[in-house]
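Asks: Model the structure of this input:
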Amino acid sequence: MASEPRIDGFLGGRLRIAQPAGGYRAGADAVMLAAACPAEAGQSVLELGCGAGVALLCLGARVPGLDLTGLELQEPYAALARDNAAANGIAASVLTGDLARMPGPLRGQGFDHVIANPPYFDAGTPAPDAGRGAARHEDTPLSQWIEAGLRRLKPFGWLTLIHRAERLGAILSALGAGAGQITILPVSARQGRPAGRVIVLARKGARAPMRLLYPFIMHEKPSHLSDGEDLTPAACAVLRKGAPLNLREG
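Replies: Now for the predicted structure:
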């Protein structure tokens, strides 16, 4: 991590999280991921590739009493996640390791939920910062992220992912016969625009039909006309107030 951390506010300032000023910094995608996870108090959650801990801590802030664990490849980011958890008064265990070679302490564990925001870009895409590049570039195939998540889930546990909409086919292919009861939430920047992201919720070992939800719209205006924030009420509730997305049936 080449740059000193800066403090970013999340959930309307409820969380203050240190992230590298010039490296990879999580944003709205991490908050949306946390909002989509249907975890309940007393359950266990593992985040694969937790970075500085934004998604994990947003989830912990929304649902007290969770057993939170993060796995992060880069030790400087893992250290930030540990510090951020302590600074925000949220208990979380963060391990440094590679999901493709799962650390020993995690191999025997099963979790009620696994969440992940896998890297979005091809491995060859240049990045100005090495830590940012490692966080953003798909050096480990997306299918391996999903396989690792399913392996760490208890029977009928929930896997929650956020990714680019164009990767939906690859996500569904990787889930294969290992998960069902799949719910897909397209996320569009503005009304009438193609979805740029998808949130996918799947249940290990389930066989219920797939559901495709109405798109979640992030911004109210048809285009970005000024520097002011124009979030929809639904997006403001999730990003600023910590509201859940409620993707699960029942």
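Asks: Now for the chain, the helix or strand with the poorest mean pLDDT.
Replies: Across the helices and strands of the chain, mean confidence by mean pLDDT, DSSP states H and E is lowest for helix 130-136: a mean of 46.
Asks: Which helix or strand lies directly C-terminal to that one?
Replies: As assigned by DSSP states H and E, the chain's next helix or strand after helix 130-136 is helix 142-152.
Asks: buried residues in the longest helix along the chain?
Replies: For the chain, the helix with the greatest residue count under DSSP state H is helix 75-87. By 16 or more other Cβ atoms under 10 Å, the buried positions in helix 75-87 come out as Pro76, Tyr77, Ala78, Ala79, Leu80, Ala81, Arg82, Asp83, Asn84, Ala85. Yep, even glycine has a C-beta here, placed from its N, CA and C like the rest.
Asks: again with stretch 99-107
Replies: Leu99, Met102, Leu106.
Asks: of all those, which comes closest to Ile182?
Replies: Nearest to Ile182 among the buried residues of stretch 99-107, counting by Cβ to Cβ, is Leu99 at 21.2 Å.
Asks: Hmm, Glu72 and that closest one touching each other?
Replies: No - at 9.6 Å, Leu99 and Glu72 do not qualify as touching, with contact defined as Cβ atoms under 8 Å.
Asks: what touches both of these two?
Replies: Taking Cβ atoms under 8 Å, 6 or more residues apart in numbering as the contact definition, Leu99 and Glu72 share the neighbouring residues Gly49.
Asks: For the closest residue to Asn88 other than its chain neighbours, give me its contacts.
Replies: Leaving out its chain neighbours, the residue that sits closest to Asn88 by Cβ to Cβ, 6 or more residues apart in numbering is Leu15, at 5.4 Å. Counting by Cβ under 8 Å, 6+ apart, Leu15 touches Gly9, Val54, Leu57, Cys58, Ala61, Asn88.
Asks: swap in Asp8?
Replies: By Cβ under 8 Å, 6+ apart, the contact set of Asp8 is Arg16, Ile17, Ala18, Gln19, Arg25.
Asks: How much space separates it from Tyr24?
Replies: Distance of Asp8 to Tyr24, computed by Cβ to Cβ, to the nearest Å: 12 Å.
Asks: related to what we said a few turns ago, what's the closest of the buried residues of stretch 99-107 to Ala208?
Replies: Set against Ala208, the nearest of these by Cβ to Cβ is Leu99 (27.0 Å).
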